[in-house]
Each structure stands twice: as structure tokens, then as C-alpha cells.
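Peer 1: Dropping a prediction and its sequence here:
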Amino acid sequence: MSFVKVLIFVSCAVIVSGNPTPFFDEDRLSDIGMHPHMHQKSHESHKKIKRSFQIDQAEFTNAYWINKAKDTVDTKVKTNVNTKKAKNVIMFLGDGFGHTTIAATRVYQSGESSKLSFESFPNTASSKTYCVNRGVPDSACSGTAFLHGVKTNNGVIGLNAAATRGNCDDTNNEEIYTDSIASLFLKDGRNAGIVTTTKITDATPAAAYANIAERNWEDNSGVLRSRCNDSEIYDIAEQLIAGSVGKALKVILGGGSRFFINATETEHGAQGTRTDGKNLIQEWLNTNSDRTFVKSRKELMDIDVKKVDQLFGLFSTDNMPFRLETIEKKEESIYPSLTEMTMKALDVLEEEDDGYFLLVEGGRIDHGHHGNQAKFAIEEALEFSKAIQATVDRVNLDETLIVVTADHSHVMTVSGYSPRGTDIFSATNSGDDGTPYFTISYANGPGFATHFNSTSGQRVNSQNLDTTPINFRFPATVPLKSETHSGEDVALFAVGPNAHIFRGALEQNLIAHIMAYASCVGDGLTVCK
Ligand SMILES: *[C@@H]1O[C@H](CO)[C@@H](O)[C@H](O)[C@H]1NC(C)=O
Ligand SMILES: *[C@@H]1O[C@H](CO)[C@@H](O)[C@H](O)[C@H]1NC(C)=O
Ligand SMILES: *[C@@H]1O[C@H](CO)[C@@H](O)[C@H](O)[C@H]1NC(C)=O
Ligand SMILES: [Zn+2]
């Protein structure tokens, strides 16, 4: 076999004119991640524009691999350990952002050898995500683990495992409360904020500020559905606007306005789902005149951060749309991107010099996977990576600890053996039944029905399927309305003060303790004591 230039054209519609650029050169340009034109590429491939992939001829030599490795070893041995107190901590939480999603997103971005923004962080660890009563967690118990430092039961937020999910009385039992890292920052006189693409009352963001026995008690009607008394339980939305942590948050950005208004009121073109007549947005505003509420991207972009003491933004009635939907409908001017929200949150938090804890959730990676809609999930994951890059580009890493991790993984796999550079969403190899199989598939989920012909008892030939829609469901082995999370360990990447403590195979709840250690909050061991 002669090692000549190998050109692989990915099956699409139009050939991009001009010279195909090897991805490797771009990769060498940056030691921390991606470049703007790389993002563009992923969108191009998405719009079915032909993407060509060329393996760098240098890859066929020893020198390429050896020199690249030498440079990396050199960088690693020269990386200094920073043991200063972290003034700020930013936690990037990719909901359902497991290892296979990371690998697939990298391919989607611009090929196997490209790097996502956080992949150059000097420290990594793995995190064991099981909860007290389940081997595979949900976002409520995992959020309690990595934000409060205590593992608990599925569905429970901010209460230890003595709580029974959905038990009316447990929510008011302060003896089983746990304390979030956001709470510890506030007690230390520093600031805290949350940014998410989901409902702001969804389990992960709620774990920053709520203590509640049932994640579905997002408003009073949720409490009533469990036959509990809504005058005796503060639902998650109420805890956000009036709870000790919630009311003190400096920045709150996400979706889910319906949980804050009554069924007789309308916001973002939809009715509220509260039935207690409360308008929590108004109540939040009434409490303090320095508070600013925004409900659209334009309002968010137009705020004067100097005049804003506390910022609350809700941009949709429920979860914010998948970014791919926003792109397809050309609604980028209506919905802020995760990067835009994160930058605005930092603008507000940086107005004061006290230091802050910020939770940024790429929340809808998870939702894409639950529908076996890998295109949705992976575009969300790429958005998540972009928000991290924008943050790395602006904060001072000498005093800011950045932690990137996931709450749990999903049952998505990346199957072999497509050639390098193959579209991650394609089906290039065939099974023993002669029918092509997709690189991406799931162990379970609603995609089963799309790919299984119950009349013939055979798999549907993918060539007979329209795979172009952004909501296309990838195949699943077991039919299930909603694809499940999975139980393998997730990755953690860290940079900044005391980031070197994140190493090894960690219990997920250790993450909160290491963040507290690094930033000198709480009454446990810290770098300051
Ligand atoms: C709910 O709790 C309130 C306040 O404790 C009480 O007045 C009311 O009777 C309770 N409602 C029901 C249906 O038990
Ligand atoms: C709130 O909504 C419920 C359910 O639709 C309705 O019965 C109630 O009258 C409303 N409350 C107010 C104050 O509008
Ligand atoms: C399902 O199988 C039947 C019987 O072989 C065939 O007629 C039909 O076209 C198949 N449907 C799809 C969607 O492939
Ligand atoms: Zn989920």
C-alpha cells in the first residue's frame, strides 16, 4: 500500500468549491480549542453542503505523531499547579453529556482530531454518577451530588436520601436539607448565578437553589398533582423567587415562564400553569427596585449592566427551543444562545469584585438524546463547547476555576468502522442482514419504531428513510417512549486554581467539595485553612 494523499468525499449534495483544508492545521493553531471558521463548518455540513475530508499526508509519517506528542508532553510538564484561592468558580454542566457524546460532537465539529474547547484543560477526572437508590441517576439526584456534595434518591433535590421522592412532609424537614455550593458562596458574601437552556425550574438548575422532595413540583399545580397541600409546600418556582438562595441569586437566565404565572395569564404566547393566582415574576420585581426582568434576546442584549443589581431572564414558556430549531427557523435574534446568556451573566457578575459561582447548563443535550434525536443533542453539545470557549477567552484563569462535566451519560453508541471524516449522522456500513446501519444508535428509545418494520420483521433500509430532518430519530434496539440515561462514568475537565485536585475516579458528590476547597467556602477543608 502506498501512502499517497487520501481523499474521502462524504456523501452529500454539492461539492464545496476551493481547496479542502486539512483539519489538522487548524487544530495546531489553537491549544485551547476551536476557531470561528470551524463552527461554520459544522453548520455547513448540517445544511447538506458537501464537506470534504482530507487526511493530512503528514499523518503517514512517524514525525507527525512523535513531534505532536513531544509538544504535548512539553506543555504538560511545564504546566504549573496553581494553589491560590479561586475567587470565582464556573461550573459547566452538560446534561447527558457523556463520553460518546463528546466524541461524536468532536467529529461533527470538524473531524476526529479536532478538539472541543475544554479538551485542552490540563486536568481530567471521571465521575461515578449512581445515586443512593438507583444505579443510573436522574438529573435531580445527580445535581444534588455535584452541587451539594451529598448523594440522594432519584427525583429528590437538595434533601438527603432519608427523603422519599414525592413525600409531602419531607420537603419541610430541614433536618434532611443539604446546602448547595451556590448557597455557600452567598453565605461567604460572594455572588451566584445560573444559566440554562432548559426551564429554569428543571432539575439541574433547581439543584442550585431548591430543597424539595419531587423535581416535578415546578409550580403549585405540580404539588397538587401529587396530592400535597400547595399552601404548605414552596414549589420550585417559589423557591427561586423567595427562597434563601433563590432570592439572592444575581443572575437567573433560562426558559419556563409558565411556572411563574397563573393559568389565566399569558407569556411567550402561552398560558401559565400555576393555579394559585400568583405572578411570581411580578413578585420578584416588587421586592427590590434594582431588579431587572427580561423576556427576549433583545431585552437581554439591551440591558445596561451598570444599572442592574439582579437580573432575571426567561425566554420561552417551557424549555428554550433546540438550537438547531432556532437555526433552521432563523430565530437567532429571538432566542439568545447559551454563549450570549453566559456572556451577559458574566457581565453582571463581574460588576462586583466579590467573586462568584456560576452554573451554566447545556441542558438540552439530554432532551435530544431522550428522543434519539442525535442531531439535536450534538448541536446542543457544540453550543455548550462554544460557551466554554467564549468564557475561557474572557475570564482570568489565574483566579477562576472552570469545571466542565456531565450529570450522567446516555445509551448512545458510536459504532465502527466508517472512514475518517465520515458524516457522523450517516449509515455507511451494512449489517449481516444487508441493511446499512448508522454510526449513531441507541440501546433504547422511540427510534425503534422508525427503524423496525413490524410487517417484515426486518430493519427498515436506511436508504428508504429521509434522514435529512433535524429531528430525525436514530435507531434504538429496545422500543421505549423516552430513551434512558446510562450508568457509565462521565468525564470531568478542569482548569484554574486547584484544578489539579480533580484527578482520578471520583464519586460525583466529591465535585462540590473540591469546588468548595478551591474557593474557600463552607466549613469543610479548604485551601485557605
Ligand atoms: C392546606 O394548608 C393550609 C395551611 O396550613 C390549611 O389552611 C388548609 O386547610 C390545607 N388544605 C387542605 C386541603 O388540607
Ligand atoms: C388562576 O387560575 C385558576 C385556574 O385556571 C383559576 O381558577 C383562578 O381563578 C386564577 N386565579 C386568578 C387570581 O386569576
Ligand atoms: C415493510 O415490510 C413490508 C413487507 O415486506 C413492505 O411491503 C413495506 O414496504 C416495508 N415498509 C418499509 C417502511 O420499509
Ligand atoms: Zn434526562
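Peer 2: Perfect, I can see it now. Ligands and ions are numbered 1, 2, ... in the order given.

Peer 1: isn't residue 171 right up against residue 215?
Peer 2: No. Using Cβ atoms under 8 Å as the test, residue 171 is too far from residue 215 to be in contact (11.6 Å). C-betas here are computed from N, CA, C, even on glycine.

Peer 1: Need the pLDDT of residue 79.
Peer 2: What the model reports as pLDDT for residue 79 is 88.

Peer 1: Can you give me every residue that contacts the residue nearest to it when sequence neighbours are not counted?
Peer 2: The shortest distance from residue 79 to any non-neighbouring residue, by Cβ to Cβ, 6 or more residues apart in numbering, is to residue 122 (4.9 Å). Counting by Cβ atoms under 8 Å, 6 or more residues apart in numbering, residue 122 touches 76, 79, 494-495, 499-500.

Peer 1: Which ones, among those, also lie beside ligand 2?
Peer 2: Among these, not one lies near ligand 2 by Cβ under 6 Å from any ligand atom.

Peer 1: Mind checking which of those residues land in helices?
Peer 2: With helices defined by DSSP state H, the entries of the contacts of residue 122 inside them are residue 76.

Peer 1: Tell me which two of the contacts of residue 122 sit farthest apart.
Peer 2: Pairwise distances across the contacts of residue 122 (Cβ to Cβ) peak at 14.6 Å, for the pair 76 and 494.

Peer 1: For those two, work out which one has more neighbours and name it.
Peer 2: residue 494 (27 against 9; other Cβ atoms under 10 Å).

Peer 1: Check that one and give its pLDDT.
Peer 2: pLDDT, read off for residue 494, is 98.

Peer 1: any idea how far it lies from ligand 3?
Peer 2: 48 Å (Cβ to the nearest ligand atom, to the nearest Å).

Peer 1: Check whether that residue really touches residue 402, as I assumed.
Peer 2: Yes. In terms of Cβ under 8 Å, residue 494 counts as a neighbour of residue 402; the distance is 6.7 Å.

Peer 1: Could you report the distance from residue 513 to residue 402?
Peer 2: 17 Å (Cβ to Cβ, to the nearest Å).

Peer 1: oh, I was asking about residue 432
Peer 2: Residue 432 is 46 Å from residue 402, where distance means Cβ to Cβ.

Peer 1: who has more neighbours, those two?
Peer 2: The neighbour comparison of residue 432 against residue 402 (other Cβ under 10 Å) goes to residue 402, with 24 against 5.

Peer 1: Please name the residues that touch that one.
Peer 2: By Cβ under 8 Å, 6+ apart, the contact list for residue 402 reads 89-92, 118, 121, 388, 391-392, 395, 494-496, 499.

Peer 1: Got the confidence number for it?
Peer 2: Looking at residue 402, its pLDDT is 98.

Peer 1: same thing with the one 10 residues further on?
Peer 2: You'll see residue 412 listed with a pLDDT of 98.

Peer 1: And for the residue in the stretch 251-400 of the chain that ligand 2 sits nearest to, the neighbour number?
Peer 2: Using Cβ to the nearest ligand atom, the closest approach of the stretch 251-400 of the chain to ligand 2 is made by residue 277 at 2.8 Å. Using other Cβ under 10 Å, residue 277 has 11 other residues around it.

Peer 1: Just to be sure, it is in a strand?
Peer 2: No. Under DSSP: H, G, I helix; E, B strand; the rest coil, residue 277 sits outside any strand and is assigned coil.

Peer 1: residues in contact with the residue nearest to it when sequence neighbours are not counted?
Peer 2: Nearest residue to residue 277, sequence neighbours excluded (Cβ to Cβ, 6+ apart): residue 262, at 5.2 Å. Shown in contact with residue 262 (Cβ under 8 Å, 6+ apart): 272, 274-279.

Peer 1: Also residue 445?
Peer 2: Residue 445 is in contact with 370-372, 411, 473, 476, 478-480, 482-484, counting by Cβ under 8 Å, 6+ apart.

Peer 1: near ligand 2, which residues of this protein show up?
Peer 2: Taking Cβ under 6 Å from any ligand atom as the contact definition, the chain meets ligand 2 at 262-264, 275, 277.

Peer 1: Closest to residue 421 out of those residues?
Peer 2: residue 263 (51.7 Å).

Peer 1: residue contacts, the closest one?
Peer 2: 271-275.

Peer 1: Check residue 273 too.
Peer 2: 219, 221, 258-259, 263.

Peer 1: now swap in residue 395 and tell me
Peer 2: Applying Cβ under 8 Å, 6+ apart, the residues contacting residue 395 are 88, 90, 346, 402.

Peer 1: for residue 190, same thing?
Peer 2: Residues counted as contacts of residue 190 (Cβ under 8 Å, 6+ apart) are 354-357, 521.

Peer 1: cool, and residue 240?
Peer 2: By Cβ under 8 Å, 6+ apart, the contact list for residue 240 reads 200-201, 206, 209-210, 246, 249, 252, 280.

Peer 1: Figure out the helix or strand that it lives in.
Peer 2: Using DSSP states H and E, the element containing residue 240 is helix 236-242.

Peer 1: Return the alpha-carbon coordinates of stretch 355-374 using PDB.
Peer 2: Provided in PDB are the C-alpha atoms of stretch 355-374 (Å, rounded to 0.1, in the frame of the first residue of the first chain):
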ATOM      1  CA  GLY A 355     -16.200  36.800  43.300                       C
ATOM      2  CA  TYR A 356     -19.000  34.400  42.100                       C
ATOM      3  CA  PHE A 357     -20.200  30.900  41.500                       C
ATOM      4  CA  LEU A 358     -21.900  30.500  38.100                       C
ATOM      5  CA  LEU A 359     -23.700  27.300  36.900                       C
ATOM      6  CA  VAL A 360     -24.000  27.100  33.200                       C
ATOM      7  CA  GLU A 361     -26.100  24.200  31.900                       C
ATOM      8  CA  GLY A 362     -26.200  22.900  28.400                       C
ATOM      9  CA  GLY A 363     -29.500  21.400  29.400                       C
ATOM     10  CA  ARG A 364     -31.000  20.100  26.100                       C
ATOM     11  CA  ILE A 365     -28.200  17.700  25.100                       C
ATOM     12  CA  ASP A 366     -30.200  15.300  27.300                       C
ATOM     13  CA  HIS A 367     -33.500  16.100  25.700                       C
ATOM     14  CA  GLY A 368     -32.200  15.400  22.200                       C
ATOM     15  CA  HIS A 369     -30.900  12.000  23.400                       C
ATOM     16  CA  HIS A 370     -34.200  11.100  25.100                       C
ATOM     17  CA  GLY A 371     -35.900  11.400  21.600                       C
ATOM     18  CA  ASN A 372     -33.000   9.500  19.900                       C
ATOM     19  CA  GLN A 373     -32.600  12.800  18.100                       C
ATOM     20  CA  ALA A 374     -28.900  12.900  17.900                       C
END
